[in-house]
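how would this look folded up:
(4 chains)
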2 protein chains.
Amino acid sequence: MSLKIIQNCCGPVLVEPIASDEAEELAAAFKLLADPIRLRILSLVANSPGGEMCGCELPQITGRSQPTVSHHLSLLAEAGLLTREQRGKWAWFKVERERVAVLRDALQLS
Amino acid sequence: MSLKIIQNCCGPVLVEPIASDEAEELAAAFKLLADPIRLRILSLVANSPGGEMCGCELPQITGRSQPTVSHHLSLLAEAGLLTREQRGKWAWFKVERERVAVLRDALQLS
DNA sequence: CAGTTGTATCGACATTCGTCAATATGTAGC
DNA sequence: GCTACATATTGACGAATGTCGATACAACTG
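Sure thing, here's the model as predicted:
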């Protein structure tokens, strides 16, 4: 799964024809949403009090090992869907809603 | 990649917490958008005159073999993102925009 | 300092995915 | 029937992905 920050690169797919390289970028972005654990992480963080969540809670909630959770968090943060803030030994995450909106807008209808 | 019709199953992920089984369904749906060829197919079909396209054009346009294109078309049709209509020996496809809207709405912000 | 705890990285593994060549199926016209 | 062409299916392959155990790093505490 490769990374790259999600930019405001792609118009609405169903309204204008998408170019090959734009399709590559968009597909890589949707690939991040194509995993149930990553979707749950996004949802859990977005719905946490203050809109942020400590990474330390996620292994237990998701039922995945700490390395697995760390891996998913890294992917989401690399893509800019999450922001990461270190507080002491804890890492806190927020959802970067504008980035999610880029993907939503790509699915806009005519 | 498993199939299943995309239903109106999942609320806005960033507004309400998503359950584990809902996350599985949504992730499977986004997996369909996580491939550049499938994204281009959706875009090409949606932007064709009359909103429909003959499958016979797609191997040349996408640069993939006929079996590969057929495979992707089957996945998109199984999920209900495309509808297929047989006309003589040609298969014509349309984008089922309501189904795409389900995915778009899942990314709705607060 | 040592000990504890949260996080990141590494290595390995099974599974899934996209792809094509070969082949089969279907549909039309002769 | 036979031929031609569009499409579907099969089988196989390499590559990518999600996962965890082991380990290393980082930040606080005593």
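
ok, which residues in chain A are in contact with DNA strand C?
Taking CB under 7 Å from any atom of the strand as the contact definition, chain A meets DNA strand C at A:54-56, A:66-67, A:70-71, A:73-74, A:84, A:89-91. Using the backbone N, CA and C atoms, a C-beta is placed for each residue, glycine as well.

In strands, which of these appear?
Among these, the residues falling in strands (DSSP state E) are A:Cys54, A:Arg84, A:Trp90, A:Ala91.

Generate TSV for the residues you listed, with distance to B:Asp21 as supplementary columns.
TSV is the format used below for those (distance: CB to CB, whole Å):
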residue	distance to B:Asp21
A:Cys54	25
A:Arg84	28
A:Trp90	30
A:Ala91	28
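
List the contacts of A:Ala77.
Taking CB atoms under 8 Å, 6 or more residues apart in numbering or on different chains, we find A:Ala77 in contact with A:Thr83, A:Arg84, A:Phe93.

quick one: the strands in chain A?
Along chain A, the segments classed as strands by DSSP E run A:52-54, A:82-87, A:90-95.

what lines up beside the shortest one in the sheet?
According to DSSP bridges, the neighbouring strands of strand A:52-54, each with its direction, are strand A:90-95 (antiparallel).

Quick one: distance of the strand it pairs with to the chain centre.
Taking CA atoms, centre = their mean, to the nearest Å, one finds the center of strand A:90-95 at 13 Å from the center of the full chain.

Specify the angle between that strand and strand A:82-87 in degrees.
If you take axes from the mean of the first three to the mean of the last three CA atoms, to 10 degrees, strand A:90-95 sits at 150 degrees to strand A:82-87.

Where does pLDDT dip in chain A?
A:1-8 (pLDDT under 70).

Quick one, which of the contacts of A:Ala77 are buried?
A:Phe93 (16 or more other CB atoms under 10 Å in any protein chain shown).

So A:Val45 is in contact with A:Phe93, correct?
Yes: contact status for A:Val45 versus A:Phe93: in contact at 5.2 Å, counting by CB atoms under 8 Å.

Now for the two: what residues contact both?
A:Glu52, A:Met53, A:Leu82.

wait, which of those is closest to DNA strand C?
If you rank these by distance to DNA strand C using CB to the nearest atom of the strand, A:Met53 comes first, at 9.3 Å.

Surely the closest one and A:Phe93 touch.
Yes: if you go by CB under 8 Å, A:Met53 and A:Phe93 touch, sitting 5.7 Å apart.

Can you work out which residues contact both of these two?
With CB under 8 Å, 6+ apart as the test, A:Met53 and A:Phe93 both reach A:Val45.

Got a PyMOL select line for the buried ones in the shared contacts of A:Val45 and A:Phe93?
Under the burial definition 16+ other CB under 10 Å, those of these that qualify are selected in PyMOL by:
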select buried, chain A and resi 52+53+82
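
Nearest to A:Phe30 among the shared contacts of A:Val45 and A:Phe93?
A:Leu82 (16.1 Å; CB to CB).
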